[in-house]
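Colleague: got a structure for you, letters missing:
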């Protein structure tokens with residue numbers, strides 16, 4: 001694990017964009033393609049906007065394949081849709097081919113949507129390991145990542161896959177890659193900034209294991225690399 005700590009959110013975003021580009025170009029050179037599972041939320045949106053502008057001509061985008069680490073159970077046209085956010089911030093500005101984008105089919109019931117998405121991932125990787133080249137993750141104030149929320153059954157999955165998650169307090173469903181699938185990735189990057197995330201970062205990196213309370217502790221790549229991209233306020237409670 002590597003901690004990358006910067007003074008400002010802009011520096012964090014610039015560093016992660018450069019990391020993304022370096023990985024993308026390396027995988028494209030060696031394998032002919034780059035596979036990435038994207039994160040939703042406001043922080044990643046700024047990353048995607050940066051990639052779509054400053055890195056427009058620095059990556060062969062026609063060789064990048066995009067998946068989603070999780071999705072809200074809403075139509076793709078809904079303001080809460082991760083797909084819609086990424087479409088507006090990244091896919092549309094870069095004219096990403098539709099065949100390179102793998103959204104969750106939220107028109108289906110949640111359980112069916114999760115099963116179909118898992119099938120699509122298995123089909124994409126064919127007989128190879130289900131290993132994304134990069135998984136981008138955020139961290140919630142309650143220590144969740146992707147849609148791995150505290151006290152949800154998905155936290156106890158042992159086989160890589162995709163699951164539907166019902167959030168009792170919000171009375172909503174989400175669809176998420178489970179921790180075993182995320183942990184198969186070649187690279188995992190957490191994007192976290194702001195003082196409001198400092199306690200959650202401390203729980204994940206410093207506290208004893210308690211996956212029910214701090215689900216992001218489940219993220220431990222099997223053979224890949226994990227890096228955290230943090231600003232100083234988010235990292236304030238970490239022993240560096």
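Modeller: Structure received. This is a predicted model, so every value here is computed, not measured.

Colleague: Select the longest helix from this protein.
Modeller: Criterion DSSP state H: the longest helix present in the chain is helix 9-31.

Colleague: Can you list the neighbours in contact with it?
Modeller: Contact with helix 9-31 is made by 4, 6, 33-36, 43, 46-47, 50-51, 54-55, 58-60, 63-64, 133-134, 136, 186-187, 189, 191, 193-194, 227, 229-231, as judged by C-beta atoms under 8 Å, 6 or more residues apart in numbering. (Each C-beta comes from the backbone N, C-alpha and C, glycine too.)

Colleague: which residues sit in contact with residue 4?
Modeller: 12, 15, 227, 228, 229, 230.

Colleague: Ramachandran angles for the nearest residue to residue 220 once chain neighbours are set aside?
Modeller: Computed as C-beta to C-beta, 6 or more residues apart in numbering, the closest residue to residue 220 that is not its neighbour in sequence is residue 183, at 6.0 Å. For residue 183, the backbone dihedrals (degrees, to the nearest 10) come out as phi -70, psi -10.

Colleague: and residue 183, how many residues sit next to it?
Modeller: 20 (other C-beta atoms under 10 Å).

Colleague: Looks like it contacts residue 219 (just checking).
Modeller: Yes - using C-beta atoms under 8 Å, residue 183 makes contact with residue 219 at a distance of 6.6 Å.

Colleague: And the strands in the protein, which stretches?
Modeller: For the chain, the strands defined by DSSP state E cover 2-6, 34-38, 64-68, 70-72, 134-137, 162-167, 172-177, 187-192, 225-231.

Colleague: could you redo the ones you listed as TSV and give each row distance to residue 127?
Modeller: Output for the strands of the chain, formatted as TSV (distance: least, C-beta to C-beta, whole Å):
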stretch	distance to residue 127
strand 2-6	32
strand 34-38	15
strand 64-68	17
strand 70-72	26
strand 134-137	21
strand 162-167	19
strand 172-177	20
strand 187-192	22
strand 225-231	24
